[in-house]
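Engineer: This is a predicted model, with the sequence first.
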Amino acid sequence: MDTLIAWIMRAIPFGTIIMYGALGEIITEKSGNLNLGVPGIMYLGGFAGFASAYAYENASADPNMALCVVIALLCAFAASMLGGLLYSFLTITLRANQNVTGLTLTTFGMGVANFFGVFILNGRTATQSMVYKAFQTKAPFLSNMGVLGQTLFGYGFMAYAAIALGIALHFFLNRTRAGLNLRAIGENPATADAAGISVIRYKYLATCLGAGVSGLGGLYYVLDYNQGIWATTGQIEALGWLAVALVIFTVWKPLNAIWGSYLFGMLYWLYQFLPSLLHISVPGYITELIQMVPYIVTIVVLVFSSLHHKSENQPPASLGVAYFREER
């Protein structure tokens with residue numbers, strides 16, 4: 001029982017990082033843009049939040065905790081949106097290849113973030129005193145309610161904000177005019193344009209906002225999951241690709257991203273807890289195979305949804321295709 005609880009508590013923070021990345025990419029892909037730069041954007045968000053918190057704490061004689069958190073969130077969101085804006089300009093205005101641009105953005109984001117994170121900040125911990133504690137602060141009463149309280153409420157505020165964001169995004173896409181317009185653009189931009197919907201504006205907004213949300217996953221990784229220490233292990237990149245895979249697994253539905261991210265988290269850490277649960281020893285090569293399970297599950301879901309041809313389980317029809325008004 002203790003092993004199972006430890007497994008769940010390890011999976012939820014890990015899944016939260018993926019959830020932010022997936023929710024942001026769902027917003028982007030609903031507009032018809034396929035942004036494979038999610039790992040790079042998460043790097044940019046993580047670094048911007050890390051650096052801004054570090055700068056504020058060191059520049060202020062008496063830093064305010066709430067203000068420190070707000071600065072980190074805003075800077076992470078803004079830096080990630082700039083990455084989305086760069087992608088939008090190249091793919092929407094200049095009509096560059098979306099796959100190549102996304103992969104380039106991943107390389108660019110990783111390089112910039114690691115250069116400044118390692119050499120400018122010199123590998124120091126930015127949040128020993130304030131922001132690290134703020135991001136990891138748990139609900140004071142609920143988290144003390146035994147095992148159940150610790151399992152459900154023993155996380156920082158961004159873990160619960162991700163769930164609220166997923167629910168809000170579901171409502172937006174299915175119950176608001178702007179959300180329906182966005183979905184219409186992803187399905188058939190020419191028809192949406194003929195109906196008077198500003199395709200270019202929606203694509204820019206969706207891509208930039210989606211990038212901003214994905215960047216919050218990088219911030220959560222650095223300031224909560226990694227305990228306020230800049231990481232050079234490349235795990236943010238791996239989590240970014242898991243987020244892209246989760247979008248396919250959830251068949252582009254925000255509510256599915258909530259439980260799907262936690263499932264991915266449990267599957268990812270299966271190699272660590274499986275020996276204890278089954279009381280067996282697992283060879284090293286089997287461990288590597290077990291870590292592939294989330295991707296294998298994604299492939300299975302993709303094949304299953306393709307065979308059944310249900311329209312609600314398919315990607316937006318214009319996904320990855322550049323739109324040029326004069327060609328409609």
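Structural biologist: Received, thanks. Residues are numbered from 1 along each chain as shown.

Engineer: For Leu85, see how far away Lys310 is.
Structural biologist: When C-beta to C-beta, to the nearest Å is applied, the distance between Lys310 and Leu85 equals 34 Å. C-betas here are computed from N, CA, C, even on glycine.

Engineer: To clarify, my last question referred to Tyr204.
Structural biologist: Applying C-beta to C-beta, one obtains 8 Å for the distance of Tyr204 from Leu85.

Engineer: Looking at the two, which one has more neighbours?
Structural biologist: Between Tyr204 and Leu85, counted using other C-beta atoms under 10 Å, Tyr204 has the larger neighbour count: 19 against 15.

Engineer: measure Leu67 to Tyr271 for me?
Structural biologist: Distance of Leu67 to Tyr271, given as C-beta to C-beta: 41 Å.

Engineer: Of these two, which one has the most company?
Structural biologist: Tyr271 (18 against 12).

Engineer: gap between stretch 223-232 and the chain center?
Structural biologist: Using C-alpha atoms, centre = their mean, to the nearest Å, the mean C-alpha position of stretch 223-232 is found 16 Å from that of the whole chain.

Engineer: next helix or strand past the helix or strand of the chain with the lowest mean pLDDT?
Structural biologist: Among the helices and strands of the chain, helix 146-153 carries the lowest confidence by mean pLDDT, DSSP states H and E, at a mean of 67. Using DSSP states H and E, the next helix or strand after helix 146-153 towards the C-terminus is helix 157-175.

Engineer: which parts of that following helix are buried?
Structural biologist: Applying a neighbour-count criterion of 16 or more other C-beta atoms under 10 Å, the buried positions in helix 157-175 are Met158, Ala159, Ala162, Ile163, Leu165, Gly166, Leu169, His170, Phe172, Leu173.

Engineer: Then stretch 107-115?
Structural biologist: By neighbour count, and taking 16+ other C-beta under 10 Å as the criterion, the buried residues in stretch 107-115 are Phe108, Gly109, Met110, Val112, Ala113, Asn114.

Engineer: What mean pLDDT does it get?
Structural biologist: pLDDT averaged over stretch 107-115 equals 91, rounded to a whole number.

Engineer: go on, stretch 233-243?
Structural biologist: Averaging pLDDT along stretch 233-243 yields 88.

Engineer: Contacts for it next, please.
Structural biologist: The set of residues external to stretch 233-243 that reach it, using C-beta atoms under 8 Å, 6 or more residues apart in numbering, is 14, 17-22, 24-25, 38-43, 46, 106, 110, 214, 217-218, 221, 264, 268, 294.

Engineer: And for stretch 159-175?
Structural biologist: Defining contact as C-beta under 8 Å, 6+ apart, one finds that stretch 159-175 is touched by 12-13, 16, 19-20, 23, 26-27, 30, 178-180, 182-183, 213, 220, 224, 253-255, 257-258, 261.

Engineer: Just give me how far it sits from the chain centre.
Structural biologist: Centroid separation for stretch 159-175 versus its chain: 14 Å, with C-alpha atoms, centre = their mean.

Engineer: where exactly do the strands run in the stretch 201-328 of the chain?
Structural biologist: With strands called from DSSP state E, counting those that start in this stretch, the stretch 201-328 of the chain shows none.

Engineer: Can you pull out the low-pLDDT segments for it?
Structural biologist: For the stretch 201-328 of the chain, the stretches flagged by pLDDT under 70 are 232, 275-280, 282-285, 305-306, 308-309, 311, 326-328.

Engineer: The same query, at a cut-off of 80, please.
Structural biologist: Applying pLDDT under 80 to the predicted model, the residue ranges of the stretch 201-328 of the chain that meet it are 227-234, 271-292, 298, 301-313, 324-328.

Engineer: quick revisit: any of the contacts of stretch 159-175 buried? List them.
Structural biologist: Using 16+ other C-beta under 10 Å as the threshold, 12-13, 16, 19-20, 23, 26-27, 30, 179, 182-183, 213, 220, 224, 253-254, 257-258, 261 are the buried ones among those.

Engineer: Which ones among those lie within helices?
Structural biologist: 12-13, 16, 19-20, 23, 26-27, 30, 179, 182-183, 213, 220, 254, 257-258, 261 (DSSP state H).

Engineer: show me the contacts for the closest residue to Val213 other than its chain neighbours.
Structural biologist: Sequence neighbours aside, Gly24 is the residue nearest to Val213 in space, at 3.5 Å (criterion: C-beta to C-beta, 6 or more residues apart in numbering). When the contact criterion is C-beta under 8 Å, 6+ apart, the partners of Gly24 are Val38, Ile41, Leu209, Gly210, Ala211, Gly212, Val213, Ser214, Gly215, Leu216, Gly217, Ala243.

Engineer: between those, which has the most around it?
Structural biologist: Across the contacts of Gly24, the neighbour count under other C-beta under 10 Å reaches its highest value at Ile41, namely 38 neighbours.

Engineer: mind checking how far that residue is from Ala72?
Structural biologist: Here the criterion is C-beta to C-beta. By it, Ile41 lies 16 Å from Ala72.

Engineer: now Leu302: how far from Thr233?
Structural biologist: Counting by C-beta to C-beta, the gap from Leu302 to Thr233 is 28 Å.

Engineer: do the same with Phe108
Structural biologist: Taking C-beta to C-beta as the criterion, Phe108 is separated from Thr233 by 19 Å.
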